[in-house]
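# coordinates only, sequence not included:
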């Protein structure tokens, strides 16, 4: 991955709780390895994650949110809104044509700011010409430091479909 700004979307964040173990371990490794770094998550994607989690029972939410709250404290996740330049890039970048509006806006923001998007969305990863990065599969299960790991283990009461975009069953 380049040294440009790294954006994540909601599918990347929720992939740490994927029901697909390969996806889950890969994205857990991404977040463990980036704890001392910085990523950008736009405000719409924060809401997308909450909307997904709120579809689960109160008990599952109560197991999930302590980990998420602590991760947002321990890791520098800059939560930002859209700018006029982001909207112009979403409308004027030919490679984004035909994508759903939410994805065009997100990728317009990434393009406008010269970044790279880390996503678990297989359709975005497979589409050529987008500033999208894959995450590797680690050889073994990574471990969060300190309190984060036991909170993460508790949070696995929540498991989402691999792309995270489907409704809960």
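Cool, the structure landed. Given the structure is predicted, the values throughout are model-derived calculations rather than measurements. Residues are numbered from 1 along each chain as shown.
# residue nearest the centroid of the protein?
The centre of the chain sits closest to residue 12, judged by Cα atoms, centre = their mean, with a distance of 2.6 Å.
# Counting by contacts, list what the biggest helix by length in the chain packs against.
Secondary structure of the chain per DSSP state H: the longest helix is helix 58-74. Identification of packing neighbours for helix 58-74 by 3 or more Cβ pairs under 8 Å, 6 or more residues apart in numbering; DSSP states H and E yields helix 43-53, helix 148-155. (Glycine included, C-beta is placed from N, CA and C.)
# just checking, next helix/strand downstream of the worst-scoring helix or strand of the chain on mean pLDDT?
Ranking every helix and strand in the chain by mean pLDDT, DSSP states H and E puts helix 122-126 at the bottom, with a mean of 93. The helix or strand immediately downstream of helix 122-126 is strand 132-133, counting by DSSP states H and E.
# what's in contact with that next one?
With contacts defined as Cβ atoms under 8 Å, 6 or more residues apart in numbering, strand 132-133 is touched by 1, 6, 116, 117, 118, 119, 124, 125.
# Within the sheet, what are the partner strands of it, with directions?
Paired neighbours of strand 132-133 in the sheet (DSSP bridges): strand 116-118 (parallel).
# what distance separates the partner strand from the centre of its chain?
Computed by Cα atoms, centre = their mean, to the nearest Å, the chain-centroid distance of strand 116-118 equals 9 Å.
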